[in-house]
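K.L.:
build me a structure from this.
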Amino acid sequence: MRIKDRAALDRRVLVMARTSKDAATTERLLAQVGIEAETCQGLDQLARELRRGAAAMVIPEEGLSPAAMATLSGILAEQPAWSDLPVLVLTRPGADSVELSEALRMLGNVTVLECPLRVPTLLSAVRTAIRARDRQYQIRGHLAERARAEESLRQADQRKDEFLATLGHELRNPLAPVLTGLQLLKMSGRDDATAGRAIAVMERQIRHLIRLVDDLLEVSRITTGLIDVRREPLDLAFVVRAAVDTSRPAIETGRHELTLDLPLQPIAVSGDPVRLTQVFANILTNAAKYTNPGGRIHISARRSDGHAVVSVRDNGIGIPVDRLSAVFDMFTQVDRSSRRLQGGLGIGLTLVRSLVGMHGGRVFAKSDGPGTGSEFVVELPMLAGRADAVETAESMAGKVPPRRVLLVDDNVDAAETLGMLLTALGATISVAHSGRAALAALDTFDPDTVLLDIGMPEMDGYEVARTIRAQPRHADVLLIALTGWGQQDDQRRSRAAGFDHHLVKPPNIDKLRELLGSGGSRVERTL
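P.N.:
Got it, this is the predicted structure:
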């Protein structure tokens, strides 16, 4: 329907008069003042035209039979929330019939006009009804505009998530072979001091890039409620030590003195070890960033009133008192005007606040102002009893058990460097650069593990995984997705295709070593 037609329907008055003469008279009187009226010969026509649109309805008392009332109230009940159609009922003088009482009760916005009716009274009542209807149309317009704005925001948010996912994929692909190559150089045992220093610098910078990519994708998943927190009993001291190891490069770069104060007895909490490590590593990295070279950072853990309390205190640049809560906001940095480059995207502490909240805890900052240092305090609910023993990273070190690994990736550099690294770890490797080549290698190489890229041309990793799972001979092969795509939907699709695990590029070598070291040809399917 054209806009012009829609506007005409919205402005008309529907009239069901006692006689055709009354109808013609009413139409003529309204037309003289610019109001379009349309006569309806009976209830069926009135009901049909009401559904098309009207500014008001004029109906005689005689037309309010029980059947008519049921039909009209049903139509009015279909109105959207913004609509309250004015109904003008023409009655006999002093009328107080049952039909009129029912009309007042069932039809809602009813105005009663006693006949005989003076022309000014009729025109005034109709104009008032139309003005009321116009205000309803304004509400309709506002609601439609809001719906369009909400849809626009939803689409923009979806495009943002798609952009971040694509950005992560495109950045992870080149980072993977570079990081793997560096790890190979480290394992080669070269004694050249210059090469060693260069390797260390390159590794720190690459890990910094990886951290930025991961933070971008994490904040996108958290804001859309897609992040997964897997809780288990933990000794908080183990998590703190893992966070110290993760943030060690930033601390050493700043030549900071780090001291730990951890209790001898375990502090048991229920949490996701990966996410909590991320929390404390982000806080430590933040402390290193905002503390001048050669500063002091102290991290401690203690019990307090049924809570586990972790404190990270530094003697850095401090935080203005009026900014203590704002430091957890997205893209916020304490002092962007500082000439000392701070780096980062201003989302690390946003992640901290969200992840701590998902664990049922809270985080807050303390500082007496600029130049006085800062303290970040995380409080988490404690578990009754002691935490279960947690396997440490050292227990997973070393070479993997004998494995026949088929490595599939159309990125030749990524496949070749990871193949060399896995060979150095003790695995037997075969490399394929397409899905069809991978399927052909299944029978000739007979792998017990397949490391499979997803975003390949012609035949992607999902299709390859489904084909492998459909072959009884290879039904028990360990399938690990190794890809630049790491969104929640990507993990769901890989699970549905038959993958046992989903790793993002560049792979965490300790995690990969852990998966390859699991007993049996397959492990319980977890992502």
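K.L.:
all contacts plus neighbour counts: C-alpha atoms, from now on.
P.N.:
OK.
K.L.:
and A308, that one's in a helix?
P.N.:
No. The assignment for A308 is strand, going by DSSP: H, G, I helix; E, B strand; the rest coil, so no helix is present there.
K.L.:
next one, pLDDT for it please.
P.N.:
Here the pLDDT value assigned to A308 is 94.
K.L.:
tell me how many other residues crowd it.
P.N.:
A308 has 20 neighbouring residues, counting by other C-alpha atoms under 10 Å.
K.L.:
which strand or helix spans L442?
P.N.:
Using DSSP states H and E, L442 maps to helix 435-445.
K.L.:
any idea how far P80 is from L143?
P.N.:
Distance, L143 to P80, using C-alpha to C-alpha, to the nearest Å: 11 Å.
K.L.:
check Q278 too.
P.N.:
In this view, Q278 and P80 are 48 Å apart by C-alpha to C-alpha.
K.L.:
quick one, which of the two is more surrounded?
P.N.:
Shown here are Q278 and P80; by other C-alpha under 10 Å, Q278 has more neighbours (23 against 9).
K.L.:
same for the helix or strand in which L355 is found, what does it pack against?
P.N.:
Element membership for L355 (DSSP H and E) is helix 348-358. Under the contact definition 3 or more C-alpha pairs under 8 Å, 6 or more residues apart in numbering; DSSP states H and E, helix 348-358 sits against helix 193-223, helix 273-289, strand 362-366.
K.L.:
weakest of these by average pLDDT?
P.N.:
helix 193-223 (a mean of 62).
K.L.:
returning to what we had before: and the helix holding L442, what's buried?
P.N.:
435, 438-439, 441-442 (16 or more other C-alpha atoms under 10 Å).
K.L.:
show me where the stretch 401-527 of the chain has helices.
P.N.:
Ranges of helices in the stretch 401-527 of the chain, per DSSP state H, counting those that start in this stretch, are 412-424, 435-445, 461-469, 488-497, 509-516.
K.L.:
gap between V352 and I283?
P.N.:
8 Å.
K.L.:
no no, D410
P.N.:
To I283, D410 is 38 Å away according to C-alpha to C-alpha.
K.L.:
cool, and R469?
P.N.:
43 Å.
K.L.:
then A149?
P.N.:
Counting by C-alpha to C-alpha, the gap from A149 to I283 is 37 Å.
K.L.:
neighbour count winner among the two?
P.N.:
A count of neighbours by other C-alpha under 10 Å puts I283 above the other of A149 and I283, at 23 against 12.
K.L.:
show me the contacts for that one.
P.N.:
Contacts of I283 were listed using C-alpha atoms under 8 Å, 6 or more residues apart in numbering, and they are 312, 348-349, 352, 376.
K.L.:
quick check: the farthest pair among those residues?
P.N.:
For these, the maximum inter-member distance is 14.8 Å, found between V312 and G348 (C-alpha to C-alpha).
K.L.:
care to break this protein down by domain?
P.N.:
For the chain, the structural domains run 3-117, 232-381, 396-516, going by automatic domain parsing.
K.L.:
do you know which of those domains lies nearest L184?
P.N.:
Between those, domain 396-516 lies closest to L184; by C-alpha to C-alpha that is 6.0 Å.
K.L.:
residues in contact with stretch 355-368?
P.N.:
Stretch 355-368 is contacted by residues 229, 270-271, 275-276, 279, 318-321, 324-325, 352-353, 373-381 when judged by C-alpha under 8 Å, 6+ apart.
K.L.:
how about a cut-off of 7 Å?
P.N.:
271, 275, 318-319, 321, 324, 353, 373-381 (C-alpha atoms under 7 Å, 6 or more residues apart in numbering).
K.L.:
quick one, which of those are buried?
P.N.:
271, 275, 318-319, 324, 353, 373-381.
K.L.:
need the single longest helix in the protein, by residues.
P.N.:
helix 119-187 (DSSP state H).
K.L.:
show me what it is packed up against.
P.N.:
helix 193-223, helix 412-424 (3 or more C-alpha pairs under 7 Å, 6 or more residues apart in numbering; DSSP states H and E).
K.L.:
what's downstream of the first one, the next helix or strand?
P.N.:
Using DSSP H and E, the helix or strand that directly follows helix 193-223 along the chain is strand 232-235.
K.L.:
distance-wise, check the nearest residue to R466 once chain neighbours are set aside relative to V408.
P.N.:
Spatially, and ignoring its direct neighbours in sequence, R466 is nearest to A497 (5.3 Å; C-alpha to C-alpha, 6 or more residues apart in numbering). According to C-alpha to C-alpha, A497 and V408 sit 16 Å apart.
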